[in-house]
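S.K.: Sequence first, then the predicted structure:
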Amino acid sequence: GTTDDGGNSTVSVVTFIKAISSTAQNNSSKVASRYEIITRIESTMNVYLYPCLIEYSLISLTVFFLMWKNVGKTREPFLLRFGDRHVFTVNCSRASRGLLVGGIILLVTILTLIPTYLLDDDAISVTHITELVLLFVSLLFVCISFAQTTKLYHDPHAHVDAFDRVLILITTVGDFAYSFFGLFASLFGEQSASKLPLAIEISIGFLAIFQTFLQSGFILDTLHRRTRTKEEIRNKPGREAVTALLLINLGK
């Protein structure tokens, strides 16, 4: 009887140890799977969050440069008395169609991200084709905006904030460098593993360079445009196209 009790207790201990080890293995596998999921999400989101980091760094650099430039400078007393009383108003009229078109394009762009996570082989092709379409549409809206805002009065002596100029020039140089490197990689690099034709990659590079050049020139020109007549104030030329262009750039 004693031998049977000892054997049963030994079997119970072995069973208990096996249960603990299997539970530990299951817990470790769950932790590993969670770590893999978090790592995959982090590597996927890095591609989309890097531009935000770069833009934030450029804005901070420009702000600190302007602070350093204006340190020790004082304004006249009457400017100090009246200069801090700012009233900001936002008028969203004449922008409904631009919001609609830009919102639809932004929604379609977000929907095209879904095949990127489902199609492993064709993900690069979907991304490049989407980028090509967005560049073409944004270039079209830049031309429309340019044609509409050129009707406004150009004031060469208009006050333009140095922050806007510096930020536009710095980001334009960075965008040019990125587009040129991408174009050189398409022209002189090896053929990519995707099924995407080389002509599409080259077209993306040329369109990106041309669109950046035209859009930067449009922004610098529009900073000096002013309305003078009541009809221009009421019609607001270019507001719809600029609103759509803003959402398209957000989708890019």
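M.R.: Thanks, I have the structure now.
S.K.: Not counting residues beside it along the chain, what's closest to Thr243?
M.R.: Among residues not flanking Thr243 along the chain, Gly98 sits closest, at 3.2 Å (C-beta to C-beta, 6 or more residues apart in numbering). Where C-beta positions appear, they are placed from N, C-alpha and C, glycine not excepted.
S.K.: Tell me where the protein is predicted with low confidence.
M.R.: For the chain, the stretches with pLDDT under 70 are 1-32, 34-35, 42, 45-48, 50-51, 71-94, 115-123, 189-196.
S.K.: As a check, name the ranges of all helices in it.
M.R.: 2-70, 77-82, 96-111, 114-118, 123-149, 162-188, 198-222, 230-235, 239-251 (DSSP state H).
S.K.: Quick check: which of these is nearest to Pro156?
M.R.: When these are compared for distance to Pro156 using C-beta to C-beta, the nearest one is helix 198-222, at 11.0 Å.
S.K.: what residues does the closest one touch?
M.R.: 128-129, 131-132, 135-136, 138-139, 142-143, 145-146, 149-150, 154, 165, 168, 172, 175-176, 178-180, 182-183, 186-187, 191-192, 238, 245 (C-beta atoms under 8 Å, 6 or more residues apart in numbering).
S.K.: distance of Asp155 from Leu223?
M.R.: 10 Å (C-beta to C-beta, to the nearest Å).
S.K.: got the contact list for the residue nearest to Thr243?
M.R.: Arg239, Glu240, Ala241, Val242, Thr243, Ala244, Leu247.
S.K.: 6 Å instead, please
M.R.: Contacts for Gly98 were tallied using C-beta atoms under 6 Å, 6 or more residues apart in numbering; they are Glu240, Thr243, Ala244.
S.K.: Buried among the contacts of helix 198-222? Make that a ChimeraX selection.
M.R.: Those of the contacts of helix 198-222 that count as buried under 16 or more other C-beta atoms under 10 Å are selected in ChimeraX with:
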select :128,131,132,135,138,139,142,145,146,149,168,172,175,179,182,183,186,238,245
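S.K.: Which segments of the chain make up each domain?
M.R.: 1-78, 89-252 (automatic domain parsing).
S.K.: Give me whichever of the ones you listed is most buried.
M.R.: domain 89-252 (a mean of 15; mean count of other C-beta atoms under 10 Å).
S.K.: Please report how far Val166 lies from Val63.
M.R.: 10 Å.
S.K.: whoops, I mixed them up, Lys236
M.R.: 30 Å.
S.K.: cool, Leu214 as well?
M.R.: Taking C-beta to C-beta, one finds Leu214 at 27 Å from Val63.
S.K.: ok, now Gly205?
M.R.: On the measure of C-beta to C-beta, Gly205 and Val63 end up 32 Å apart.
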